[in-house]
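K.L.:
Dropping a prediction and its sequence here:
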Amino acid sequence: MLKVSRQPDGRPEIFHSIQGEGVYAGKPTVFLRLALCNLACVWCDTKYTWDWEHHDQQREVVAASSDEVEEGIRRYVCRSLVVTGGEPLVQQRALAPLLERLKDGGFWIEVETNGTIVPGKKLIDFVDHWSVSPKLENSGNPGPARENPDAYRLFRDLTSAHFKYVLEKADDLPELRAVTHRYEIPPDKVILMPQAQDRDTLLDRSRWLVDICKSEGYLFSTRLQVLLWDNRRGV
Ligand code: SF4
């Protein structure tokens, strides 16, 4: 069984939209939002998937079989899937058979992860793109929790992975430089994205972030879901 974020009507959170972030921003896709996370970012915009001090787990999570989830995904004509969370790799054992079936059925699959859990070999074979978003100090997670060297090295060596960092202020840059240097990640495998949950903050922070990308050779990503829908859930 998979623990999936639960929609108000009680069904698993599966919806058709466009990817809002990263190298595939703008791609029409079906989203599957899994529950649970191994980190606790202070600015997390999906706390309803893991923060049981402030959210009711009974109301926010539904246990669903692979068949049920697959049926929900195949309801749409789209054959592109983004698995998001929470942190999907917390449930990688239950996830692998589902992704195998979808891959066999012709799906293109992207997985969003915080980059702290090493994915198994099987899962790597089914995933077309890894959107790896390691957390910096601004996330409020302690260093050892947010940085797993084995996972960093594995994703660095996968051609199917990009690293996407959320920056809040220019002061985050030395930490970003240090960590990408430590793991020898080339700038064109690094995407910078502003931390923002509303349009004004997003645009404000995008301006200085674009300047950093121009001078250092990193890629820039906006957050279309904030620009278009102000971060509303399930769109
Ligand atoms: S890793 Fe992602 S889902 Fe988990 S707390 Fe951080 S932002 Fe939220």
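P.N.:
Yep, it's here. Numbering: from 1, shown residues only.

K.L.:
residues making contact with the longest helix anywhere in the chain?
P.N.:
Ranked by residue count and defined by DSSP state H, the top helix of the chain is helix 199-216. Outside helix 199-216, the residues within contact range by C-beta atoms under 8 Å, 6 or more residues apart in numbering are 167-168, 170, 173, 187, 192-196, 218-220, 222-223, 226-227, 230. C-beta: built from backbone N, CA, C; applies to glycine.

K.L.:
ranges for the helices of this protein?
P.N.:
Under DSSP H, the chain gives helices at 57-60, 66-74, 92-104, 121-126, 143-146, 149-157, 173-182, 199-216, 224-229.

K.L.:
Those helices into a markdown table, with extra columns for distance to the ligand?
P.N.:
Formatted as a markdown table, the helices of the chain follow (distance: least, C-beta to the nearest ligand atom, whole Å):
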| stretch | distance to the ligand |
| --- | --- |
| helix 57-60 | 13 |
| helix 66-74 | 19 |
| helix 92-104 | 15 |
| helix 121-126 | 18 |
| helix 143-146 | 9 |
| helix 149-157 | 13 |
| helix 173-182 | 16 |
| helix 199-216 | 16 |
| helix 224-229 | 14 |
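
K.L.:
Out of those helices, flag the one nearest residue 17.
P.N.:
Of all the helices of the chain, helix 224-229 sits nearest to residue 17, with 7.7 Å by C-beta to C-beta.

K.L.:
Pull that closest one out as PDB, backbone CA atoms only.
P.N.:
In PDB, the C-alpha atoms belonging to helix 224-229 read as follows (Å, rounded to 0.1, in the frame of the first residue of the first chain):
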ATOM      1  CA  LEU A 224       4.800  28.500 -12.500                       C
ATOM      2  CA  GLN A 225       2.300  27.200  -9.900                       C
ATOM      3  CA  VAL A 226       2.900  30.300  -7.800                       C
ATOM      4  CA  LEU A 227       2.700  32.700 -10.700                       C
ATOM      5  CA  LEU A 228      -0.400  31.100 -12.100                       C
ATOM      6  CA  TRP A 229      -2.300  29.900  -9.100                       C
END
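
K.L.:
Just the buried residues of it, please?
P.N.:
For helix 224-229, burial by neighbour count (16 or more other C-beta atoms under 10 Å) applies to 224, 225, 226, 227.

K.L.:
any weak-confidence spans in this protein?
P.N.:
Counting by pLDDT under 70, the ranges of the chain that qualify are 231, 234-235.

K.L.:
before we move on, back to that, would you mind saying which of the helices of the chain lies nearest residue 20?
P.N.:
Taking C-beta to C-beta, helix 224-229 is the member of the helices of the chain nearest to residue 20, at 3.7 Å.
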